[in-house]
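> just need the structure, nothing else, for what follows:
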Amino acid sequence: ANGTIASHESVIADVKNALSRKEGDSEALRNDLDEAKSEITCLQSNMDEAITLYEAAMDDVKSSMSEKRREIEALRNSLKAAKDVIASRESTISEVKNALSERERDNDGLQNDLDEAKSKMASLKSKMNE
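Purely as a prediction, here's the structure:
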């Protein structure tokens, strides 16, 4: 009977040791799980921060692109205005050249009339002197 009791006590001691080890293992697993949860929370926080920074950077890029588009549009408008001014000046120059050509033709006509008149006067003078 003593041997059986000792045997039972030995089995009970083994079970207690095994339970103790399991509790230790469970505690270690709980600690690992808490640590993993903590790391996940930290990673989530870092990810949220990274996303926020990325979104802010993208907003800056969009804003910068909009500004560049406005600058390009302003430059296009300036270029068009400059081309319009050049076209207007070229038209004015053409008109002035035409007017000048007309004036030169008038002057040539007047010079011819003057030369003709001088020739007639010379002819009349020579007839008067005869």
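
> now name the helix or strand holding the spatially most central residue of the chain.
Geometric centre of the chain, nearest residue: M65, 2.7 Å, by Cα atoms, centre = their mean. Secondary structure assigned from DSSP states H and E places M65 in helix 2-129.

> list the helices and strands that helix packs on?
Other helices and strands packing on helix 2-129, by 3 or more Cβ pairs under 8 Å, 6 or more residues apart in numbering; DSSP states H and E, are absent; none qualifies. C-beta coordinates here come from the backbone N, C-alpha and C atoms, glycine included.

> okay, the residue of the chain most remote from its centre: pLDDT?
Relative to the centre of the chain, and counting by Cα atoms, centre = their mean, the farthest-placed residue is E130 at 94.8 Å. For E130, the model assigns a pLDDT of 78.

> again with N112
pLDDT at N112 comes out at 94.

> how many residues are close by it?
For N112, the neighbour count with other Cβ atoms under 10 Å is 10.

> do D14 as well
D14 has 10 neighbouring residues, counting by other Cβ under 10 Å.

> tell me where the model's unsure across the protein.
Residue ranges of the chain with pLDDT under 70: 1-3.

> hey, C-alpha coordinates of stretch 30-37 in PDB?
Extracted C-alpha coordinates of stretch 30-37, given in PDB (Å, rounded to 0.1, in the frame of the first residue of the first chain):
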ATOM      1  CA  ARG A  30       1.100  35.800 -22.600                       C
ATOM      2  CA  ASN A  31       4.300  37.900 -22.300                       C
ATOM      3  CA  ASP A  32       5.200  37.200 -25.900                       C
ATOM      4  CA  LEU A  33       1.600  38.000 -27.000                       C
ATOM      5  CA  ASP A  34       1.700  41.300 -25.000                       C
ATOM      6  CA  GLU A  35       5.100  42.100 -26.600                       C
ATOM      7  CA  ALA A  36       3.800  41.300 -30.100                       C
ATOM      8  CA  LYS A  37       0.700  43.500 -29.500                       C
END
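
> on that earlier part again, residues in contact with the residue nearest to the centre of the chain?
Taking Cβ atoms under 8 Å, 6 or more residues apart in numbering, we find M65 in contact with no residue.

> from E130, how far off is it?
97 Å (Cβ to Cβ, to the nearest Å).
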